[in-house]
Structure formats: C-alpha cells, structure tokens
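*Asks:* Need coordinates for the below:
(chains A and B)
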Amino acid sequence: DAKTTQPTSMDCAEGRAANLPCNHSTISGNEYVYWYRQIHSQGPQYIIHGLKNNETNEMASLIITEDRKSSTLILPHATLRDTAVYYCIVNRDDKIIFGKGTRLHILP
Amino acid sequence: DTGVSQNPRHKITKRGQNVTFRCDPISEHNRLYWYRQTLGQGPEFLTYFQNEAQLEKSRLLSDRFSAERPKGSFSTLEIQRTEQGDSAMYLCASSLRDGSNTEAFFGQGTRLTVV
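*Replies:* Below is the predicted model of the structure:
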C-alpha cells in the first residue's frame, strides 16, 4: 500500500505557484520522497526527489519538513500544461508504489 | 536514447486469447518494472526485475500473468486466457540502480481492450 496521503484534487490559477502537499508520517530514515506526474494518456513522468534537504530543479521545488513527515511540491509558475495527476511516493530504492495522487487543474 | 519503448501501443483481443507485450528499457538500466492502470486509478505495481532476475511479483498477478526478462534487457508480459477485467493500460518503467536513488522512466504504455 502507498505510504502517502494527498488531497484528491486542487485548483491553481495559471501563472501562480502551485503548492501540492503530501503526508508521509511513517517514512523511514532511509526512504526518499519522490514526485511524479501523469498527464492524461501518458506514462508517469519523474519530477523531483529528496531525502532531507529541500531540492530544486528546472521543473519544481521540493520542501521537506524537518521531521520528514510531510513535504510540498512547488510548481513556481503553473501553466495549462501542468494540468495532471501528481503522485507523491516514498521509496528506498525498492519497487515504486503509487497512491491515488492529486489531480491538479490549472485554471486559465 | 529514445527512452522506454512499449509495443504494441494498443491491443484489442477477444476474451480467452493470449496476448504478449514487449518493453524495451533505456539501455544500461538494470531495473525494469511493470504496472497496470485502470481509469481513474494510480498505476498498480505488478512485478519488477533486477537485470534478468524477477525480484517480486504482486499478489495482483494471477497465474495467467507471466513476465520475463531473459537477457536482462527487454522484457515481455504475457497474459493467458484474457478476461474482460484485464482491460487496462500496462506500463513499463526502467531505472538504473547503482547504489544511489534514481528516478524511473516510464513508457507510454500498452492499452489492452478485451472484448
């Protein structure tokens, strides 16, 4: 079973920052937090991952709380193409287990 | 490198027939995963390989399902005696396990329709 909890859906205005929360209260010390997204009719796409520190790449930023029990994925300037289902996953280099994810709607 | 390739992209079969899907991972990726996804659900883990060794099979994978990765490169997923409940998108992913955590890359999937 997935070890994460995410809101079912969220809306965000185009051009604004999209902040997607994830709870992973049972995360183990050696488990990473990964984020993937899935645009309609496509395979999931990797976004970012982290262990303890905050991470940033060209797609997004990942903020992990100090106790590691929750994290937030930030899309700094959301566009219509960011409309997708976003999955938060905890993984220690094992099989990847997906939950239901958050369906993010970017509103024009 | 063109990424993870899955063939065919679409398959329509009659109930009771056998089907086989192929996945070509990114070259040099030693991990290969299979997932099944139905409408409105997240991908469900089926099985995964480290090189040619099948490390784990989900209890979702009935005896009618078999996966192989004979030379540690491409993989096949076979479904025997298909049922309507097997209709789904079948996704393949690959990753490089080299001692550090790395991301998985997914193919576009094979959509199976059993009629």
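
*Asks:* can you pull the buried residues of stretch A:52-66?
*Replies:* A:55, A:60, A:61, A:62, A:63, A:64 (16 or more other Cβ atoms under 10 Å in any protein chain shown). Where you see a C-beta, it was placed from the backbone N, CA and C, and this is true even at glycine.

*Asks:* quick one: the closest residue to chain B within chain A from residue B:41, how far?
*Replies:* Residue nearest to chain B within chain A: residue A:43 (3.3 Å; Cβ to the nearest Cβ). Separation of residue A:43 from residue B:41 (Cβ to Cβ, to the nearest Å): 15 Å.

*Asks:* Around chain A, pick out the residues from chain B.
*Replies:* Contact residues (Cβ under 8 Å from any Cβ of the partner chain) of chain B with chain A: B:4, B:33, B:35, B:41-45, B:48, B:55-56, B:91, B:93, B:97, B:101, B:103-109.

*Asks:* count of neighbours near the closest residue to chain A within chain B?
*Replies:* Residue nearest to chain A within chain B: residue B:106 (3.3 Å; Cβ to the nearest Cβ). Neighbour count of residue B:106, defined by other Cβ atoms under 10 Å in any protein chain shown: 25.

*Asks:* Residues in a beta bridge with the most centrally placed residue in chain B, which ones?
*Replies:* Taking Cα atoms, centre = their mean, the centroid of chain B lies closest to residue B:34, which sits 3.2 Å from it. In this entry, residue B:34 is beta-bridged to residue B:47, residue B:92, by DSSP bridges.

*Asks:* I'd like to know how many residues surround residue 49.
*Replies:* Since no chain was named, I'll use chain A. 19.

*Asks:* Hmm, no, I was thinking of chain B.
*Replies:* Neighbours of residue B:49 (other Cβ under 10 Å): 21.

*Asks:* What ranges does chain B have for its helices?
*Replies:* Taking DSSP state H, chain B contains no helices at all.

*Asks:* got any ranges where chain B has weak pLDDT?
*Replies:* For chain B, the stretches with pLDDT under 70 are B:1, B:99-101.

*Asks:* That'll do, ta.
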